[in-house]
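**Student:** Sequence and predicted model, in that order:
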Amino acid sequence: MELFTNQVLAGIATGAIYACMALAVVMIYQAIDHLNFAQGEMAMFSTFISWQLMQWGVPYWGAFLITLIFSFIGGIAIERILFKPLAKAPVLTNVAGFIALFAIINSSAGLIWDFTIKQYPTPFGSAPFLGSQLISTHQAGMIGVTVLLLLGLYFFFQYTRIGLAMRAAASVPESARLVGINTSWMIALGWGMASAIGSIAGMLIAPVVFLEPNMMGGVLIYGFAAAVLGGLTSPFGAVVGGFLVGVFENLAGTYIPGVGNELKLPIALALIISVLVVKPAGLFGRHIVKRV
Amino acid sequence: MSAVEDVVTEAPAVEAVPKRAMTLGTGTSLVVLAALLIAPVFVKNFIIFQMTMLLIYGLAVLALNILTGGSGQFSLGQSAFYAVGAYTTAVLMEHFNVNYALTLPIAGVVCFAFGFLFGQPALRLSGVYLALATFALATAMPQLLKLNFLEHWTGGVQGLVVTKPDAPFGLPMSQDMWLYYFTLVVTIAIYIFAVNLLRSRSGRAFMAIRDNEIAASAMGVDVALYKTLAFGVSAAITGIAGSLGAIAVQFVAPDSYTITLAISLFLGMVVGGVGWLPGSIVGAAFIIFVPNIAEGISKGLSGAVFGVLLFLVIYLVPHGARQVAILGQQLAGKLRKN
Amino acid sequence: MTTLLNVKDLRAYYGQVQALHGLSFSLNEGSLVTLLGANGAGKTTTLRAICNMVRSTGGIEFDGKPLNNRSTESIVRFGIAHVPQGRGTFTNMTVEENLQLGAITRKDSAGIVSDIERMYAHFPVLKQRHTQQAGTLSGGEQQMLAVARALMLRPRLMLLDEPSFGLAPLVVRDLFGILGKINREDKVSILVVEQNAQLALELADQAYVIETGRIVMSGKAKDIANNEEIRKSYLGY
């Protein structure tokens, strides 16, 4: 029983990483209706920026803040320059664009900072949290930040006018234009916010997985899986999905015989797909009825 | 119309391509065929090998095109079917001494069954959910091939070496050239099959599902059957491509068939034009040659250069090579008028 | 009376297909004008062209200022509220959020709060349902919500696309009564597109009849309603 509790706790700790990434995924999905495959790479690049700033002597929180602003502006710039021209192109062409962006960012980061693994500091320390060996203060801090972020987003979307406008633009773009909302800028704003959230995720994850250009590969996949599991229409669902995936992954690794590190991912995905077969819109997603 | 919640008339994710627009005219086809037949006589063996790979990837892109362009289902799991085809051939040839040509239909049947079965749970999923499911398949496949209890057959991480066949009947041509012509014959046969499939009753059913699933089922199309059938056919063709690929590179190993391959095939389909079968070969050319070109331009930044080139292509022709073909046709039409 | 909306030689296209063939009409400040015509005559296209939601050429002037080549959202900011066909409800948001969205371009928060109360006075049923998801409202209620949402802009001109579509006759009577009241009391000019010609003519001051993308008839609503020949050949009642 103690093994079980411990594994669940450890799962929640890694789940916080996925939750953070899933939140970024859902943000951009809400704004543009696509899954951005380059989201992880954008987060990785942001994290490198913060690392570079710290190398230059900027204190942690200063670097954190500058990176946040940089990522927000960067996200908007990417949308305006690269994806706005593709707004009328077919969906699959947009997906190809995400893959291209992935390649560009990954390769540039490798050239600028090379592919060696780098240490990344944590502001929360890494002592055992409340005496537990499985969850460190950093992981507890990560969970705390994720929850704060979720509350902040909830407040933003529920109680601010700009949040309301963004929701409107995402749900019925034509009607949104008819009440005077500039939907095109709402999409750019969505990119900016998703990019900023992604950078927070990156900076929180880096102390755990270490900093290198390919650090986000696995994380993004789990983030997608978490977002899809929770329901792509629900930021809350994404966070719950993230924690669930973390727990799934850990329990599968512990209890299913023959599951090494290599098979954890396929098994977690298979489990998620089984859930989706039963609940196609995800656990917390709104079911959308289609008509002819 | 009253009190409906979140009811949307969704535009199909894949553009509707009318079935006549999916193929080439007879004249153009013959010109392309002649070029493919004559070309190997004039070039070196390495280039012949690359042309063989072009045809093989062309087949794999074609298979994805039937699934996505034809029936509107999206797959990031094509690398898994490709791997199953490749391993079927490798195992049959090396463990059972089966003739290489015979392994192709066997690989096709095995992959058809695999794809058809995989299509069952996939029935409940669409769009990003289907993408995730197929993605899971693609990431699982290399790990499954490495499993201990299969190692006797698959060779584990090491993989298997495949013998390259000689030209039969003492024909005076190199192994590479023979394999090229062999692949060409298989490719043409499958291409003709695919064109006819899409023009048939089943093809119309695929397209009806692609354009509007609910309407299609209301018209009496057995949606479940045809969706899984599309998966099966696509998997079978991908599997045959995998078999040919195994013979051509003389080697199979789990890490040759990762998600990267599936993504490449996807890019090939977009660049060639979703739903335009002849575009498959153009897309295959893009995914084989452009990474090399990118590496030639800058070794350190080859990924970035590739990304930029890809962006250029999708800006200029968001509908892929199909768009170029349509523009060419319109231009030809205008010239004829003048 | 000043001219509020002046449309000259309007031509609109869907891809290669031309839907409007040089349409001209005008609307005076404070008036209620109706565009009548059969299915496919180009009524909806006319409204969509005014808001630049379809490719068009020709002159569209609002209060003396040209609207051509402006984005839909900036045209709205001139004070033109468009209630689209199918109502365009934000189905997954609450009734109150829908109303707030109507006023999203306004800056006076106090005015918005009082306007929401005013809408609840006009449409009491919306007050009862103000926390409910808008998608759960009935068709008639959604139409009222759409009109209320448009009014939240404090528009000078309201464009209504087939407000009677799919509604029970009694609900339609109610709705048209409210539209008349809004026109008289709030001084909102209204351009309404209708298939229910009889009802629209009762309400309107001025009417235009469209056929295959051209104006074929115009005049005082009363005169058109009383002219049996026009009624028989164009309006079908």
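**Tutor:** Sure thing, it's come through.
**Student:** burial of whichever residue of the stretch 151-300 of chain B sits closest to chain C, as a residue count?
**Tutor:** Residue nearest to chain C within the stretch 151-300 of chain B: B:Asp211 (17.9 Å; Cβ to the nearest Cβ). In this view, the C-beta of every residue, glycine as well, is placed from N, C-alpha and C. The tally of other residues near B:Asp211 (other Cβ atoms under 10 Å in any protein chain shown) stands at 16.
**Student:** How about B:Val41?
**Tutor:** Quick note: B:Val41 (other Cβ under 10 Å) scores 9 neighbours.
**Student:** Need the phi and psi values for it.
**Tutor:** With angles defined as degrees, to the nearest 10, B:Val41 sits at phi -60, psi -30.
**Student:** separation between it and B:Leu117?
**Tutor:** Separation of B:Val41 from B:Leu117 (Cβ to Cβ, to the nearest Å): 44 Å.
**Student:** roughly how far apart are the residue of the stretch 151-300 of chain B closest to chain C and B:Leu225?
**Tutor:** Using Cβ to Cβ, we find B:Asp211 at a distance of 17 Å from B:Leu225.
**Student:** and if you look at B:Pro142?
**Tutor:** Between B:Pro142 and B:Leu225 the distance is 31 Å, computed by Cβ to Cβ.
**Student:** which residues sit against the worst-scoring helix or strand of chain C on mean pLDDT?
**Tutor:** Lowest by mean pLDDT, DSSP states H and E among the helices and strands of chain C is helix C:228-230, with a mean of 76. By Cβ atoms under 8 Å, 6 or more residues apart in numbering or on different chains, the residues outside helix C:228-230 that reach it are C:Val209, C:Met217, C:Ile224.
**Student:** same thing but 10 Å
**Tutor:** C:Leu36, C:Ala197, C:Ala207, C:Val209, C:Val216, C:Met217, C:Gly219, C:Asp223, C:Ile224 (Cβ atoms under 10 Å, 6 or more residues apart in numbering or on different chains).
**Student:** which parts of that helix are buried?
**Tutor:** Neighbour-count burial for helix C:228-230 flags C:Ile230 (criterion: 16 or more other Cβ atoms under 10 Å in any protein chain shown).
**Student:** need the contact list for A:Ala103.
**Tutor:** Counting by Cβ under 10 Å, 6+ apart, the residues that A:Ala103 touches are A:38, A:41, B:263, B:291, B:294, B:302-311.
**Student:** For A:Leu35, what are phi and psi?
**Tutor:** Main-chain torsions, A:Leu35, degrees, to the nearest 10: phi -90, psi 120.
**Student:** Now do the same for it: its pLDDT.
**Tutor:** At A:Leu35, the model reports a pLDDT of 80.
**Student:** Distance check, it against A:Thr47.
**Tutor:** According to Cβ to Cβ, A:Leu35 stands 21 Å off from A:Thr47.
**Student:** isn't A:Pro207 right up against A:Ser126?
**Tutor:** Yes - here A:Pro207 reaches A:Ser126: they are 7.4 Å apart, a contact under Cβ atoms under 10 Å.
**Student:** The two: which is more packed in?
**Tutor:** The neighbour count for A:Pro207 versus A:Ser126, taken as other Cβ under 10 Å, is higher for A:Pro207 (20 against 14).
**Student:** Once you drop chain neighbours, what's closest to that one?
**Tutor:** Residue nearest to A:Pro207 in three dimensions, not counting chain neighbours: A:Thr122, with 4.1 Å by Cβ to Cβ, 6 or more residues apart in numbering or on different chains.
**Student:** would you say the one you found is within a helix?
**Tutor:** No - A:Thr122: not assigned to a helix; according to DSSP: H, G, I helix; E, B strand; the rest coil it is coil.
**Student:** near chain B, which of the contacts of helix C:228-230 show up?
**Tutor:** Contacts with chain B within those, as defined by Cβ under 10 Å from any Cβ of the partner chain: none are present.
**Student:** who's in contact with A:Gly237?
**Tutor:** So A:Gly237 contacts A:22, A:26, A:226-231, A:244, A:281-286 (Cβ under 10 Å, 6+ apart).
**Student:** which of the contacts of A:Ala103 lies closest to chain C?
**Tutor:** Sorting those by distance to chain C puts B:Phe311 at the head of the list, at 26.1 Å, by Cβ to the nearest Cβ.
**Student:** what number of residues lie near that closest one?
**Tutor:** Neighbours of B:Phe311 (other Cβ under 10 Å): 19.
**Student:** can I assume it is in contact with A:Leu101?
**Tutor:** Yes - the pair B:Phe311 / A:Leu101 is scored as a contact, 8.0 Å apart, by Cβ under 10 Å.
**Student:** tell me, what's touching the two both at once?
**Tutor:** Taking Cβ under 10 Å, 6+ apart as the criterion, B:Phe311 and A:Leu101 both touch A:Leu82.
**Student:** returning to what we had before: near the residue nearest to A:Pro207, how many other residues are there?
**Tutor:** Neighbour tally, A:Thr122, other Cβ under 10 Å: 18.
**Student:** can you tell me which residues contact it?
**Tutor:** A:Tyr60, A:Ser136, A:Thr137, A:His138, A:Gln139, A:Gly141, A:Met142, A:Met203, A:Leu204, A:Ala206, A:Pro207, A:Val208.
**Student:** Okay, it and A:Thr47: tell me how far apart.
**Tutor:** Per Cβ to Cβ, A:Thr122 is found 13 Å from A:Thr47.
**Student:** Ok, B:Gln120 next?
**Tutor:** 41 Å.
**Student:** Reduced to three states, what does C:Leu4 come out as?
**Tutor:** Recorded secondary structure, C:Leu4: strand (three-state DSSP).
**Student:** Just the pLDDT for it.
**Tutor:** 89.
**Student:** for the one 5 residues further on, same thing?
**Tutor:** pLDDT recorded at C:Asp9 is 89.
**Student:** Quick check: which element contains it?
**Tutor:** Counting by DSSP states H and E, the element that carries C:Asp9 is strand C:3-14.
**Student:** Over to the residue nearest in space to the middle of chain C. Which of the three states is it?
**Tutor:** Centroid check for chain C by Cα atoms, centre = their mean gives C:Leu160 as the closest residue, at 1.7 Å. Of the three states, C:Leu160 takes strand under three-state DSSP.
**Student:** Now that it has come up, it's in contact with C:Gly88, right?
**Tutor:** No - with contacts counted by Cβ under 10 Å, C:Leu160 stays clear of C:Gly88, the gap being 11.9 Å.
**Student:** Wondering if the helix or strand encompassing B:Leu104 reaches chain A at all.
**Tutor:** Using DSSP H and E, the element containing B:Leu104 is helix B:100-122. Yes - using Cβ under 10 Å from any Cβ, we find that helix B:100-122 touches chain A at B:Gln120, B:Pro121, B:Ala122.
**Student:** Sweet, I'm off.
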